[in-house]
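Engineer: could you work out the structure for the sequence below:
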Amino acid sequence: MGDLSSAAYREAGYAVVAASYKIRIAEIWINEDGSGGATPLLSHSHLEPIDRFAVLFGGAAAQAHFDTWPEDPMGGPTYSQIIDSLLPMTEAERFFLVNTGKERATKIVVTNRLEVKRLANYLIERRSIHMDEFDPPLRIRDAVSPESNER
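Structural biologist: Residues are numbered from 1 along each chain as shown. Presented below is the predicted three-dimensional model:
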């Protein structure tokens, strides 16, 4: 159940963070071996780099928040996936983007933890979902305070 739970929270976290950036997800699935995936209806390439990292780290942020790390913690974006998505930049610039993206993902997951948990539990029970059938639909709360212009 550990890998299944880990996969469910990873995919649910990704879906919730993506939804917070208005990226609709068509389908999410998990497999017994801990693998899984999601089919976004829109790429995250239009987002600013920090926000792209937030979407990439959504799954790992959920796994960390709900303490569902897999036995083999190589799930989620790998360092090479992250580096491949960066424009040429210094290590300090990369460090800033990656860490700020992680912070944003974590803030979104924590703010929307009930929705992440609801979606993860549904995935554990059914293994896959077409998001148009998820009832009630995800209710995403903005994780950025009104006085902030982080996003």
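Engineer: going forward, measure contacts and count neighbours with C-alpha atoms only.
Structural biologist: Will do.
Engineer: SS state for the closest residue to Lys107 other than its chain neighbours?
Structural biologist: Once flanking residues are discounted, Lys107 sits nearest to Ala143: 6.1 Å by Cα to Cα, 6 or more residues apart in numbering. Under DSSP: H, G, I helix; E, B strand; the rest coil, Ala143 falls in the coil class.
Engineer: ok, Ile28 next?
Structural biologist: Per three-state DSSP, Ile28 ends up strand.
Engineer: what about it, how many residues nearby?
Structural biologist: When neighbours are counted by other Cα atoms under 10 Å, Ile28 registers 22.
Engineer: with Ser128 instead?
Structural biologist: With other Cα under 10 Å as criterion, Ser128 counts 18.
Engineer: that one and Gly59, how far apart?
Structural biologist: Distance, Ser128 to Gly59, by Cα to Cα, to the nearest Å: 16 Å.
Engineer: do Ile140 as well
Structural biologist: With Cα to Cα as the criterion, Ile140 and Gly59 are 16 Å apart.
Engineer: those two: who's more crowded?
Structural biologist: Remark: of Ile140 and Gly59, Gly59 carries more neighbours, 31 against 20, as counted by other Cα under 10 Å.
Engineer: now the strand or helix carrying the more buried one - C-alpha only, CSV.
Structural biologist: Per DSSP states H and E: Gly59 is located in helix 58-65. The C-alpha coordinates for helix 58-65 follow below in CSV (Å, rounded to 0.1, in the frame of the first residue of the first chain):
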residue,chain,number,x,y,z
GLY,A,58,3.5,19.6,-6.8
GLY,A,59,3.7,15.9,-6.4
ALA,A,60,6.8,15.8,-4.3
ALA,A,61,5.3,18.6,-2.1
ALA,A,62,2.2,16.5,-1.5
GLN,A,63,4.3,13.4,-0.7
ALA,A,64,6.4,15.4,1.8
HIS,A,65,3.4,17.1,3.4
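Engineer: now it: average pLDDT?
Structural biologist: Helix 58-65 shows a mean pLDDT of 94.
Engineer: same question for stretch 135-151.
Structural biologist: Per-residue pLDDT over stretch 135-151 has a mean of 64.
Engineer: could you pull out the strands for this structure?
Structural biologist: Assigned by DSSP state E, the strands in the chain fall at 25-30, 36-40, 128-130.
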